[in-house]
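S.K.: Just need the structure, nothing else, for what follows:
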Amino acid sequence: MAKRTSSLGAVSDINVTPMVDVMLVLLIIFMVITPMLQHGTSVNMAKATNTRDMQDADKEDAVLLAITRDGKVYLQSDRIDPDQITTKVKDMLLNKLDKPSTSRAIETRNMA
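M.R.: Here you go, the predicted structure:
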């Protein structure tokens with residue numbers, strides 16, 4: 001015969017259904033929000049044949065310059081005029097905390 005349990009005793013089973021519901025809702029929220037967190041301008045990278053590894057490119061004080069197909073120039077995700085590239089990049093390089101041991105000349109071309 002089946003044993004009858006008293007309803008007065010404590011239930012020792014863990015009910016995980018509410019936890020699973022909350023986790024699924026959080027998963028859906030993060031899946032929807034994550035693509036919206038992308039900041040900046042999307043740029044198609046140029047294909048390079050002779051590449052070299054640059055360890056300093058991922059540092060916080062790296063100088064990022066992007067030019068879109070329609071000629072807009074972005075420096076550190078801020079839009080600037082093409083005439084201001086040389087002065088802004090020189091100012092950023094002078095203010096860098098970790099300066100390289102060799103000096104490099106900045107070559108510019110007329111972008112007009």
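
S.K.: alpha carbons only for contacts and neighbour counts from here, please
M.R.: OK.

S.K.: Please name the nearest non-neighbouring residue to residue 79.
M.R.: Distances taken as CA to CA, 6 or more residues apart in numbering place residue 73 nearest to residue 79, at 5.8 Å, with adjacent residues excluded.

S.K.: Just to check, the one you found is in contact with residue 66?
M.R.: Yes. Residue 73 sits in contact with residue 66 when judged by CA atoms under 8 Å, with a separation of 5.9 Å.

S.K.: one step back: residue contacts, the residue nearest to residue 79?
M.R.: Contact criterion CA atoms under 8 Å, 6 or more residues apart in numbering gives 65, 66, 67, 79, 80, 81, 82 as the residues in contact with residue 73.

S.K.: Which one (most neighbours) among these?
M.R.: Within those, residue 66 tops the neighbour count with 19 neighbours, counted by other CA atoms under 10 Å.

S.K.: picking that back up, tell me what the residue nearest to residue 79 is bridged to.
M.R.: Per DSSP bridges, the residues bridged to residue 73 are residue 67, residue 80.

S.K.: Relative to residue 84, how far out is it?
M.R.: When distance is defined by CA to CA, to the nearest Å, residue 73 is 10 Å away from residue 84.

S.K.: Flag the shaky bits of the chain, pLDDT-wise.
M.R.: Within the chain, the ranges that satisfy pLDDT under 70 run 1-8, 40-41, 97-112.
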